[in-house]
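In: Predicted model and sequence below, questions to follow.
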There are 2 protein chains.
Amino acid sequence: MAKITKTRGYPIGQMSRLTGVNIETIRYYERIGILPKPDRTAGGNRQYSHDQLKRLSFVARSRALGFSLNEIRSLFEMVDRDDFSCSEVHTLTTGHLASVRAKIDHLQRLETALEGMAAKCSRGDVPDCPIIDTLFEAL
Amino acid sequence: MAKITKTRGYPIGQMSRLTGVNIETIRYYERIGILPKPDRTAGGNRQYSHDQLKRLSFVARSRALGFSLNEIRSLFEMVDRDDFSCSEVHTLTTGHLASVRAKIDHLQRLETALEGMAAKCSRGDVPDCPIIDTLFEAL
DNA sequence: CCTTGTATCTGTAGTTGCTACAGATCGTAT
DNA sequence: ATACGATCTGTAGCAACTACAGATACAAGG
């Protein structure tokens, strides 16, 4: 008879290696409810299932795309409802896209302003700096 | 004889109004040493000089350009040394500019990825979403 | 069985740049 | 004298982690 291979699941270090998520961060995600509490060994070590691995990698991917943890929470809520509609997801995604574009726009303005300041600068050794002057400009 | 107009200086609320910096934030800047401790009235209220007003507005401008508080600290150190060289300031500024550009670059990659995901989405009412699929992609 | 060494555990505090109270006092106009 | 707004201190919260310290757990070798 074949031995029952009671799969022991992944310890946290392996989860970390597989997803690239820091161990402390994985525990953090559990603490704030982004990840469900995993099983424990007799001694108290976490044992993750393959499903939980998929969840963590979902979180990692989403974070890499700039989704906030709250947005990820919403995505999970939709998925877990399991009658979620694609258009809800689309809405959340385009909302996030809009905020990314707003950030780009803001940073590009900063870029222009900084370029202007740096260009005015003679880079000399003298304590008369157009950059500082600009920053100190009268109210 | 003309009355000695002992200039009372600006109370914190006026500093806030003049610079657009929140009162709590002004006190925070003082606490972390970005702004010097102002004089106090007999009763203990802060009284700011015009010089301090200029400093606060310098901070506000710099923050608006995305400089971190530590960068601003460095700028003040240079200015206060009062033999600072313009090229030091230039270096700090272009360093900051580089980090702004890096952020823009990063966000543009996110933008592209998000656009791609959103475009694949049929926006239907069905629970079969290419966005979710992408996020759940196998390791 | 015992030791060694790595992995993991919990709990707490630090990071950045603010913001938001609560409860007390100040300052000024009437 | 009193009312009202402005200010005071001190603490705790936000996002999203990261970094310890000090205590166990677990797996492999002798």
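Out: Received it, and whenever you're ready, just let me know what you need.

In: Past the longest helix seen in chain A, which element shows up next along the chain?
Out: If you go by DSSP state H, chain A has its longest helix at helix A:86-120. From helix A:86-120 onward toward the C-terminus, using DSSP states H and E, the following helix or strand is helix A:130-136.

In: outside of that following helix, which residues touch it?
Out: A:117-118, A:120-122, B:54, B:57-58, B:61-62, B:75, B:78-79, B:86, B:89-90, B:93 (Cβ atoms under 8 Å, 6 or more residues apart in numbering or on different chains). All C-beta atoms are positioned from the backbone trio N, CA, C, and that covers glycine.

In: Restricted to buried residues, select those in PyMOL.
Out: Filtering the contacts of helix A:130-136 down to the buried ones (16 or more other Cβ atoms under 10 Å in any protein chain shown) takes a single PyMOL command:
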select buried, (chain A and resi 117+118+121) or (chain B and resi 57+58+61+62+75+78+79+86+89+90+93)
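
In: about what we covered before: just checking the longest helix of chain A against DNA strand D, any contact.
Out: No - Helix A:86-120 lies out of reach of DNA strand D by Cβ under 7 Å from any atom of the strand, never closer than 10.8 Å.

In: Give me the buried stretch members for that helix, please.
Out: Across helix A:86-120, burial judged by 16+ other Cβ under 10 Å covers A:86, A:88-90, A:92-94, A:96-97, A:100-101, A:103-104, A:107, A:110-111, A:113-114, A:117-118.

In: Report the residue ranges of every domain in chain A.
Out: A:8-66, A:85-139 (automatic domain parsing).

In: now for the longest one, what's the gap between its first and last residues?
Out: Looking back up the chat, that one is domain A:8-66. 33 Å (Cα to Cα, to the nearest Å).

In: quick one: pLDDT of the residue in chain A positioned nearest to DNA strand D?
Out: Nearest to DNA strand D, among the residues of chain A, is A:Gly43, at 2.0 Å (Cβ to the nearest atom of the strand). In this model, A:Gly43 is scored at 95, pLDDT.

In: Tally up the residues packed near it, please.
Out: A:Gly43 has 5 neighbours, counted by other Cβ atoms under 10 Å in any protein chain shown.

In: so who does the residue sitting nearest the centre point of chain A touch?
Out: By Cα atoms, centre = their mean, the mean C-alpha position of chain A lies nearest to A:Arg63, the distance being 2.6 Å. Taking Cβ under 8 Å, 6+ apart as the criterion, A:Arg63 is in contact with A:69, A:72.

In: Done for today, thanks.
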